[in-house]
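>>> Would you be able to build a 3D model of this:
(chains A and B)
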Amino acid sequence: MGSDNVRRQGVPGVPTQRPPVPVKILVAGGFGVGKTTAVGSISEIPPLTTEAPMTTAGTGVDDGALVPGKRTTTVAMDFGRVTIDESLKLYIFGTPGQDRFGFMWSDLAQGALGALVLVDDRRLDDCYAAVDYFERLGLPFVVAVNRFEGVPPRDLETVRWALAIDDAVPVIEFDARRFLSVRDAVLVLLEEALMRARARQSSRHPQAGSSVGR
Amino acid sequence: MSERPGEPAREPSASLVRPFVGVGGAEGDEAAPVRQADHAVRPFLVTSGRVVPATEMPMEAQVVTTPQGRGVRQWLSFEYRDLVSLCDEPLAVAEIAARMSMHLGVIRVLIKDLQQQGVLATFQPEDDDVDVDTIMRVINGLRQRT
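Numbers count the residues shown, from 1 in each chain, chains lettered A, B, ... in the order given. Okay, here's the model as predicted:
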């Protein structure tokens, strides 16, 4: 059904075979937490990097004075791809390093299924801004604690408490270096996205309800 | 820009043969090939300040060369030609930008130029919300990976 709702633009003489439908998830978190590692572990291609415009909210200090308002800057994003089948591709975009004054990732978040927020449990506050952003946006997200070697694990409930996130948000641990571990973390996120989509479908079609039954 | 079935294919315009307006572009200037370094430093000068909003062309939107696009490739210059070559198989806008080492904002403008000429076709889902079926397919596809 997804592939039928594709908007095609400017195409007399378009090839009759449709390109794959793209879906997108985000991998967010502070600097050095393992976003690029996670993207690389799950991606079928080595991570690519693209430079993109990004708008930051709040104040800018470059000109020597505090200037309120938005600024557009160029940021680098690493991303990868998983081809699900010939008509469906999953893209995984790492968010750019965050401006401590706040950021607006609207272009990244637009149309995204959800976000993995990676956490280094030695530096929990690095991910506050990302958690806050996705909560405000209402985008499904999962908190994933990246286990670094030699670091004793912190209790996941302590992480949940420290980040003050809703009980409904999954808090999991994973290893960004391992494909299966990253894959499993993405599956937890996709289950959240699925619940959200089913709820949306129910509210639009009350008769259909939850009889999707797959 | 929406598809209009039945409209005859447009001839590629002469503007495709010349490079897009480069840095400094005075009237009648034969613009020099724009080097990679120029893109990094002044992306919005290169595109004459034009911007394609992300809502119009998400970074994951798929881009593919049309049959007529393949036909005119040899007459395209510089980045337009590279773009057309890259998109023989569908690629995301972000993949194109990354492989060409170009700013995502600039790539959107180039893609739109070629889309309006019928050289490229772009595809993205109508709806920001992904439907249940599609999410299930992604889940099942990932579960099968080992």
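>>> element containing residue 145?
Picking chain A for this. Element membership for A:Val145 (DSSP states H and E) is strand A:141-146.
>>> got a list of contacts for that strand?
A:28, A:33-34, A:38, A:114-121, A:127, A:131, A:134-135, A:153-154, A:156, A:159-160, A:163, A:165, A:169-176, A:185, A:188-189, A:192 (Cβ atoms under 8 Å, 6 or more residues apart in numbering or on different chains). For glycine as for every other residue, the C-beta is placed from the backbone atoms N, C-alpha and C.
>>> what's the angle from the helix or strand just after it to strand A:141-146?
Downstream of strand A:141-146, the first helix or strand assigned by DSSP H and E is helix A:156-163. With axes from the mean of the first three to the mean of the last three Cα atoms, to 10 degrees applied, the angle from helix A:156-163 to strand A:141-146 works out at 120 degrees.
>>> Show me what helix A:156-163 is packed up against.
Contacts defined by 3 or more Cβ pairs under 8 Å, 6 or more residues apart in numbering or on different chains; DSSP states H and E place helix A:156-163 against strand A:141-146, strand A:171-174.
>>> Would you tell me which strand is longest in chain B?
In chain B, assigned by DSSP state E, the strand with the most residues is strand B:120-125.
>>> ok, back up a step: highest mean neighbour count out of the helices and strands packed on helix A:156-163?
Using mean count of other Cβ atoms under 10 Å in any protein chain shown, the stretch among the helices and strands packed on helix A:156-163 with the largest mean neighbour count is strand A:141-146, at a mean of 26.
>>> Okay, now the sheet partners of that strand, with direction.
Paired with strand A:141-146 in the same sheet, following DSSP bridges, are strand A:114-119 (parallel), strand A:171-174 (parallel).
>>> coming back round to it: check whether the longest strand of chain B contacts chain A.
Yes - counting by Cβ under 8 Å from any Cβ of the partner chain, chain A is contacted by strand B:120-125 at B:Leu120, B:Ala121, B:Thr122, B:Phe123, B:Gln124, B:Pro125.
>>> counting contacts, what elements does the next helix or strand after that strand pack onto?
Using DSSP H and E, the helix or strand that follows strand B:120-125 in sequence is helix B:132-143. If you count contacts as 3+ Cβ pairs under 8 Å, 6+ apart, helix B:132-143 packs onto strand A:21-28, strand A:71-85, strand A:88-94, helix A:179-204.
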